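In: what's the 3D shape of this:
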Amino acid sequence: MRPRKIEERLKGLNSSGKKAVAWLIDPDKVKSTESLENQIKEAIRLDLDFFFVGGSLIQENSIDSIVSLIKSLTTEIPVVIFPGNVIQFSEKADGLLFLSLISGRNPEFLIGQHVTIAPLLMKTKVEILPTGYLLIDSGAPTSVQYISQTIPLPNTKPDLSVATAFAGHLLGLQYFYVDAGSGAKNPVSSKIIHALKKHIPAPLIVGGGLNSLPKVKEAFTSGADLVVIGNGAEKNPGFLTEVLEYIAVFNLSLNVN
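Out: Numbers count the residues shown, from 1 in each chain. Modelled structure (predicted):
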């Protein structure tokens with residue numbers, strides 16, 4: 001039987017009102033193993049909730065080595081693969097976001113790549129998280145838009161995002177990742193996050209363009225259960241620390257109240 005540790009954490013967030021942070025490590029953007037290791041240790045010290053590993057375009061498949069590095073430093077924080085394609089996988093990870101790009105119409109990212117890796121997943125005990133992935137227009141082309149060859153949903157039309165996500169929910173998807181893309185010009189709008197939280201009874205993950213604490217706070221206030229920090233942490237390692245310190249205080253206030 002597959003473990004359900006990550007499922008329990010995500011659904012616990014959705015039911016308790018607590019917030020969480022995932023740090024997305026893109027192997028292509030790791031410049032120094034020593035620097036990465038120091039940053040991982042700091043994230044562990046500050047009680048990061050999840051490590052995500054992956055990216056839209058990985059030129060050197062170093063996912064396995066990065067997962068191994070994280071696991072050598074902690075076994076308490078789940079390491080989850082955020083795959084840009086079928087080759088981005090490691091049996092050493094705790095979980096895999098089994099992403100279906102439901103905002104697009106490219107069959108490769110709706111079901112095609114999933115069929116390719118399914119025989120391998122049948123043989124592993126990695127926790128599989130069936131996730132509806134919605135790409136939102138950030139105001140500028142992003143890597144995921146180019147790689148997936150799909151048109152993002154408008155950032156100004158919450159009804160389209162809700163209809164798309166609810167269709168995914170009816171199909172049995174259990175989690176929803178709303179993303180403006182790596183290095184997004186603008187993050188997912190608060191109106192979309194709020195509308196999804198109101199109508200979709202599932203844990204909501206939000207990423208892309210969250211490069212300042214006010215933007216992170218707005219995502220949480222609008223209804224995000226889990227935010228994903230990527231480029232912001234790469235460009236400014238202190239930013240991840242700032243976000244984690246904020247979340248610690250926020251969650252503590254819920255316990256007090």
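In: So for stretch 117-133, mean pLDDT?
Out: Taken as a whole, stretch 117-133 has a mean pLDDT of 97.
In: Quick one: distance of that stretch to the chain centre.
Out: Counting by Cα atoms, centre = their mean, to the nearest Å, stretch 117-133 is centred 16 Å from the centre of its parent chain.
In: With just CA atoms, put it into CSV.
Out: Only the C-alpha atoms of stretch 117-133 are listed here, as CSV (Å, rounded to 0.1, in the frame of the first residue of the first chain):
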residue,chain,number,x,y,z
ILE,A,117,5.3,6.6,-16.8
ALA,A,118,2.4,4.6,-15.4
PRO,A,119,4.2,1.1,-15.6
LEU,A,120,7.1,2.5,-13.6
LEU,A,121,4.8,4.1,-11.0
MET,A,122,3.0,0.7,-10.6
LYS,A,123,6.3,-0.7,-9.2
THR,A,124,7.2,2.1,-6.8
LYS,A,125,5.8,3.1,-3.4
VAL,A,126,6.1,6.9,-4.1
GLU,A,127,2.9,8.6,-3.1
ILE,A,128,1.0,9.7,-6.2
LEU,A,129,-1.0,13.0,-5.9
PRO,A,130,-3.5,13.4,-8.8
THR,A,131,-3.4,17.1,-9.4
GLY,A,132,-5.2,19.4,-11.8
TYR,A,133,-2.7,21.9,-13.2
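In: how about the helices in the stretch 51-200 of the chain?
Out: Using DSSP state H, counting those that start in this stretch, the helices of the stretch 51-200 of the chain run over residues 63-73, 107, 113-122, 143-148, 158-170, 190-199.
In: List the buried residues of the fourth one.
Out: Along helix 143-148, the positions that meet the burial threshold by neighbour count (16 or more other Cβ atoms under 10 Å) are 143-145, 148. C-beta coordinates here come from the backbone N, C-alpha and C atoms, glycine included.
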